[in-house]
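K.L.:
Sequence first, then the predicted structure, then my questions.
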Amino acid sequence: MIPSRDHGGADFASRLRELRLRQGLRQKDLAITLGLAQTTIANYEKKLRFPDESTLLRIADYFNTSLDFLLGRVGSHAEGGNGVRSSAGTAAVPEADGALSGLGREYFAALRTEGREAAFTLVRRSLARGMTVREIYLNVFEPALKEVGRLWAAGEMHVGDEHFFTEATQTLIAQLYPALRAEAQPRKGRRLFSFGVCGEYHVIGPRMVADFFEMDGWDAVFLGGNLCVQHAMRAMRDQPPDLLALSVTIPLNIGSARELIMAVRETAELGALKIMVGGQAFAGAPGLWQDIGAHALARDPQEAVDLGNRLVGEKQEKAV
Ligand code: B12
């Protein structure tokens, strides 16, 4: 499927560049994420090459856009060409993927229309009725925040709204701490560090990961976001963990994860440390976690705990 330059090919080049720049990616970053050479991306954008069908689909999936938009067959918001895929491919605002339902939807609506107190009451009531902290994180907070991102990308919410939702959710997470402790298993004597890598300001994901490990009995230490190599190395030398959970949301920050993993590998005293990665930057990029030298990739905090126990268990068995 190679459209002529006059048809999709010509517009594909500018669309690719537009989508890439909109996410603040360099050609190199996009190339790493898609498993292509940087020159291939450059040639696409210069209209010297056109991707094969499967690469084209991967690019559309990665940018969460339609093939019509990518190929320049729709261009304006009125035509549904806002670059974000919707179920019909023609709506100006993409539809939710169905994940926002039940309490997630109610939480989102309460914060948006009534404010913090109503949302807090909702969550506290659900907890009192037997909902677990794990369920609240994954079925309420995560989908509500992803809905915020969807509406922000569609121009339906401003950055202030996004900050409000994030701050309100972080306050609630802090308030849930006693409930989290009540659900926690006895201590296992395994230490985890979880944080967002250098340049990464999205911190709710790695915080949830740390909390799931704490509930599983780990000594889980959450170190926030934007932790650059020299500071991360200092923290690990002071108190070597058994497992590192590195979070990357923005593909541009994959390089930071790679840099940190290399620094750990070059440090003899951290030879036994296992490294797990996760976060949205790895979605749709199979094999990327291996390319950057991690031991494992997990998609969500529960999978992370299961894998973490296996990885560190393996290490301890070998050491005996
Ligand atoms: C809130 C938010 C922000 C806040 C973050 C504040 C904070 N204190 O965290 C602020 C305003 C700082 C921000 C900034 C930006 N953001 Co923002 N942001 C979001 C938003 C709305 C919610 C993020 C969130 O908390 N999600 C909920 C958590 C729970 O989900 P999660 O991170 O995916 O984590 C889950 C899993 O991925 C996994 N996981 C996460 N980490 C790890 C780690 C390990 C080891 C494991 C195993 C698992 C794991 O577990 C979690 C639970 O299941 C998202 C929308 C979205 N789709 O997420 C956009 C979003 C992530 N942001 C986006 C963008 C583009 C940006 C900016 C570039 C915007 C700009 N132009 O300035 C900057 C970049 C800042 C930076 N350098 O990091 C895009 C990213 C697109 C992309 N692919 O690059 C998104 C998707 C919005 C969108 N629809 O376009 N953002």
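P.N.:
Received the coordinates, thanks.
K.L.:
From now on I want contacts and neighbour counts done on CA atoms only, so please keep to that.
P.N.:
Will do.
K.L.:
all strands of the stretch 101-250 of the chain, in order?
P.N.:
Taking DSSP state E, counting those that start in this stretch as the test, the strands found in the stretch 101-250 of the chain are 191-196, 219-222, 243-247.
K.L.:
Residues of the protein that sit close to the ligand?
P.N.:
23, 138, 142, 145-146, 148-150, 153, 162-163, 166, 199-206, 245-247, 249-251, 276-280, 298-301, 304 (C-alpha under 6 Å from any ligand atom).
K.L.:
Mind checking which of those residues land in helices?
P.N.:
Judged by DSSP state H, these include 142, 145-146, 148-150, 153, 162-163, 166, 204-206, 301, 304 as members of helices.
K.L.:
Most widely separated two among those?
P.N.:
Using C-alpha to C-alpha, these span at most 28.3 Å, a distance reached by Ala153 and Ala304.
K.L.:
So for the two, which residue has more residues nearby?
P.N.:
Neighbours per residue, other C-alpha atoms under 10 Å: of Ala153 and Ala304, the larger number sits with Ala304, 22 against 16.
K.L.:
what number of residues lie near the closest residue to that one other than its chain neighbours?
P.N.:
If the residues on either side of it in the chain are set aside, Ala304 comes closest to Ala298, at 5.1 Å by C-alpha to C-alpha, 6 or more residues apart in numbering. By other C-alpha under 10 Å, the residues close to Ala298 number 19.
K.L.:
Going forward, the N-terminal residue is numbered 18.
P.N.:
Fine by me, first position is 18 from now on; the one you just mentioned is Ala315.
K.L.:
My guess is Ala315 contacts Val294. True?
P.N.:
Yes - with contact defined as C-alpha atoms under 8 Å, Ala315 reaches Val294; the gap is 6.7 Å.
K.L.:
State the distance from Ala262 to Thr188.
P.N.:
For Ala262, the distance to Thr188 (C-alpha to C-alpha, to the nearest Å) stands at 23 Å.
K.L.:
Oops, could you answer that again for Arg282 instead?
P.N.:
In this view, Arg282 and Thr188 are 36 Å apart by C-alpha to C-alpha.
K.L.:
what does Gln319 give?
P.N.:
22 Å.
K.L.:
who has more neighbours, those two?
P.N.:
Gln319 (17 against 13).
K.L.:
Just the pLDDT at that one, thanks.
P.N.:
Note on Gln319: pLDDT of 96.
K.L.:
Excluding chain neighbours, what is closest to it?
P.N.:
Phe229 (6.8 Å).
K.L.:
who's in contact with the one you found?
P.N.:
With contacts defined as C-alpha atoms under 8 Å, 6 or more residues apart in numbering, Phe229 is in contact with Arg151, Pro318, Gln319, Val322.
K.L.:
One more pass at 10 Å, please.
P.N.:
Contacts for Phe229 (C-alpha atoms under 10 Å, 6 or more residues apart in numbering) come out as 150-151, 154, 197, 201, 223, 235, 237, 317-322.
K.L.:
Pull the residues that contact stretch 272-284.
P.N.:
In contact with stretch 272-284 (C-alpha under 10 Å, 6+ apart) are residues 46, 49, 213-217, 243-247, 249-250, 253-254, 261, 263-265, 270, 287-294, 306, 308-311.
K.L.:
And the ones in helices among the residues of the chain next to the ligand, which is closest to Leu33?
P.N.:
Nearest to Leu33 among these is Ala170, at 16.9 Å by C-alpha to C-alpha.
K.L.:
Is Gly304 in contact with Gly52, as I believe?
P.N.:
Yes - because the distance of 8.5 Å satisfies C-alpha atoms under 10 Å, Gly304 is recorded as touching Gly52.
K.L.:
Perfect, I'm done here.
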